[in-house]
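S.K.: Structure of the sequence below:
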Amino acid sequence: MNKAEIYPSGSKILIKPDPIKETIGDTSIVLPPSEKEKYQSGVASGTLIAVGPDFCTHVTERDSSGAVSVVRGYSKPFAEVGDRIAFAKYGGLRCRGGDGERYIICNDEDITAVIGDSVEFTDLPRKGAGL
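M.R.: The predicted structure is shown next:
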């Protein structure tokens, strides 16, 4: 079930960006909201929540005149719902879902990699990373 109540169209995808920790290191230094927002807006990793109906099926090739000559899909989807992914930093449309959480809607081509839980893409560790 999609708690965000956001259903991507076409080749769009819905990502829940990784939340960052509010404290620095093992200390009790708490980030001010403005600093946390700055780092959170630059998060380039998260969980793939939903995909549009054209996910991984819309690759086009153009001939020398620029006209579309071939439309085909990828040999297989490069990510699945539930995967942790890296995506284009600062890309996409940022929104708040029906569950009150923040999400990003972007193109499936903005996925740069499927990543493991220990991979970080910000200067601050994410919540629950155990780092």
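
S.K.: Would you mind measuring the gap between the ends of stretch 65-77?
M.R.: In stretch 65-77, first residue to last residue: 29 Å (CA to CA, to the nearest Å).

S.K.: For it, the averaged confidence score.
M.R.: Stretch 65-77 carries an average pLDDT of 72.

S.K.: Kindly report the same for stretch 16-31.
M.R.: Stretch 16-31 comes out at a mean pLDDT of 72.

S.K.: how near is the residue nearest in space to the middle of the chain to Lys89?
M.R.: The residue lying closest to the centre of the chain (CA atoms, centre = their mean) is Ile15, at 4.0 Å. Distance of Ile15 to Lys89, given as CB to CB, to the nearest Å: 12 Å. C-beta: built from backbone N, CA, C; applies to glycine.

S.K.: Name the surrounding residues that touch stretch 76-93.
M.R.: Stretch 76-93 has contacts (CB atoms under 8 Å, 6 or more residues apart in numbering) with 15, 18, 41-42, 44-51, 55-56, 104-107, 110-117, 119, 121.

S.K.: Now with 6 Å, please.
M.R.: For stretch 76-93, the external contacting residues (CB atoms under 6 Å, 6 or more residues apart in numbering) are 42, 44-45, 47-48, 56, 104-106, 110-115.

S.K.: which of the residues you listed lies closest to Glu5?
M.R.: For these, the closest approach to Glu5 (CB to CB) belongs to Ile105, at 12.6 Å.

S.K.: Next up, the contacts around the closest one.
M.R.: Ile105 touches Lys12, Leu14, Gly92, Leu93, counting by CB under 6 Å, 6+ apart.

S.K.: Specify the beta-bridge partners of the last one.
M.R.: Each beta-bridge partner of Leu93 is listed here, defined by DSSP bridges: Ile105.

S.K.: Identify the neighbouring strands of the host helix or strand of the residue nearest to the centre of the chain in the sheet and state each direction.
M.R.: Using DSSP states H and E, Ile15 falls within strand 12-17. Here strand 12-17 is paired, per DSSP bridges, with strand 45-51 (antiparallel), strand 102-107 (antiparallel).
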